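Enquirer: predicted model and sequence follow; I will ask about them next.
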Protein chains: 2
Amino acid sequence: MNIGQAASASGVSAKMIRYYESIGLIRPPDRTESNYRVYGEDEVHVLRFVKRARTLGFSVEETATLLGLWQDKSRASAEVKAVASNHIAALETKISELEGMVNTLRHLVHCCGGDSRPDCPILDDLAGFSGATKGR
Amino acid sequence: MNIGQAASASGVSAKMIRYYESIGLIRPPDRTESNYRVYGEDEVHVLRFVKRARTLGFSVEETATLLGLWQDKSRASAEVKAVASNHIAALETKISELEGMVNTLRHLVHCCGGDSRPDCPILDDLAGFSGATKGR
DNA sequence: CCTTGACCTTACCATGATGGGAACCTTTAT
DNA sequence: ATAAAGGTTCCCATCATGGTAAGGTCAAGG
């Protein structure tokens, strides 16, 4: 299997496959005589693992850890659980931050006439002009 | 006021102030004879505006738009409202994505013994082994 | 056999927003 | 006078990904 086929079979672009190889996330595959990378089912399986981990928002570094744990048959599931739990916590922090932004913005948008007049509570808030705007 | 003072007065690092200037987000300030940037209250006000917009998750480009609208005394508030509403929608999309990740991960973590045995539903899922794992 | 087109190779550049550091100059305080 | 603090520019790094250019390879068809 060439890199293009491995890409469509795994959902990881050829570009990213080469990149993952270059940073050591995945092992360099065999090459043909003409220097083409050759992939088999095992490699595609690894790529799909990586793809899924990335889709779940794990960084490449976390993915490397998980990949190591996956390939270590004697690992304790507690280690994996810890990585996943940390990741959940990080995602939740991120979600809270975004929700804070959305709440503030929704309030501002709600207070904004959205008409053709230039008065705008949103800009007033951004400018630090604490008028009718709740709180700050 | 030198750049350091403007930085602490606005909450934008000196580094970022120079960067914002280099990309044209803010206007180059006057310089002293010895080439030091000089800032006044107006500039700090602009920097605070930028800081607040960035804190609310607006990209630098969106911030530039808002800044333009802020400085255009004849703008319609509808324009600002549109920018803000689009941004809210983008944030909400992002939040949904993150929540999807968290839900999946929480389910996996819940199913994982987290003990010293090597069986791990989380890794099974990442590997695409659809065992006891709900759905996927 | 030779061309064409699809695919592969490496290498470099770009993104967005920020931080870090080097090398050098200025100002201020001791 | 000297040292410390802070300014200046310029370059590099991050993180994950995409793009592009210049060139090699392979399969199909005239």
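Expert: The structure has been received and is ready for your questions. Small disclaimer: the values here were computed from a predicted structure and weren't measured.
Enquirer: show me where chain A has strands.
Expert: With DSSP state E, the ranges of strands along chain A come out as A:30-31, A:37-38.
Enquirer: what's in contact with the first one?
Expert: It refers to strand A:30-31. Residues from elsewhere that reach strand A:30-31, judged by Cβ atoms under 8 Å, 6 or more residues apart in numbering or on different chains: A:R37, A:V38. Glycine gets a C-beta too; all of them are placed from N, C-alpha and C.
Enquirer: tally of neighbours for A:T32?
Expert: Other residues within reach of A:T32, judged by other Cβ atoms under 10 Å in any protein chain shown, total 9.
Enquirer: ok, the nearest residue to it once chain neighbours are set aside to A:G4 distance?
Expert: The shortest distance from A:T32 to any residue that is not its chain neighbour, by Cβ to Cβ, 6 or more residues apart in numbering or on different chains, is 5.9 Å, and that residue is A:V38. Taking Cβ to Cβ, to the nearest Å as the measure, A:V38 and A:G4 are separated by 12 Å.
Enquirer: swap in A:E99?
Expert: Here the distance between A:E99 and A:G4 works out to 41 Å (Cβ to Cβ).
Enquirer: again with A:I122
Expert: Plainly put, A:I122 is 48 Å away from A:G4 if you go by Cβ to Cβ.
Enquirer: picking that back up, can you lay out the strands of chain A as TSV showing mean pLDDT and mean neighbour count?
Expert: Output for the strands of chain A, formatted as TSV (pLDDT from 0 to 100; neighbours: other Cβ atoms under 10 Å in any protein chain shown):
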stretch	mean pLDDT	mean neighbour count
strand A:30-31	96	10
strand A:37-38	97	16
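Enquirer: count of residues packed around the closest residue to A:T63 other than its chain neighbours?
Expert: Closest residue to A:T63 apart from its sequence neighbours, by Cβ to Cβ, 6+ apart: A:A53 at 4.2 Å. For A:A53, the neighbour count with other Cβ under 10 Å is 26.
Enquirer: now do A:A76
Expert: 17.
Enquirer: swap in A:D119?
Expert: Summarising burial for A:D119: neighbours were counted as other Cβ under 10 Å, giving 11.
Enquirer: stretch A:85-105 vs DNA strand C: in contact?
Expert: No. Shown here: stretch A:85-105 not in contact with DNA strand C (Cβ under 7 Å from any atom of the strand), separated by at least 13.0 Å.
Enquirer: what does that stretch rub up against?
Expert: Residues external to stretch A:85-105 that are found in contact with it (Cβ under 8 Å, 6+ apart): A:56-58, A:62, A:122, B:55-57, B:84, B:87-88, B:91-92, B:94-95, B:98-99, B:101-102, B:105-106, B:109.
Enquirer: which of those fall in helices?
Expert: Secondary-structure check on the contacts of stretch A:85-105 using DSSP state H: residues within helices are A:62, A:122, B:55, B:84, B:87-88, B:91-92, B:94-95, B:98-99, B:101-102, B:105-106, B:109.
Enquirer: now, of those residues, which are buried?
Expert: Burial of those was assessed by neighbour count (16 or more other Cβ atoms under 10 Å in any protein chain shown); the buried members are A:62, A:122, B:84, B:87-88, B:91, B:94-95, B:98, B:101-102, B:105, B:109.
Enquirer: what is the nearest of the residues you listed to B:P29?
Expert: A:I122 (26.4 Å; Cβ to Cβ).
Enquirer: I figured that closest one hits A:C112, correct?
Expert: Yes. Between A:I122 and A:C112 a contact is recorded at 5.2 Å, counting by Cβ atoms under 8 Å.
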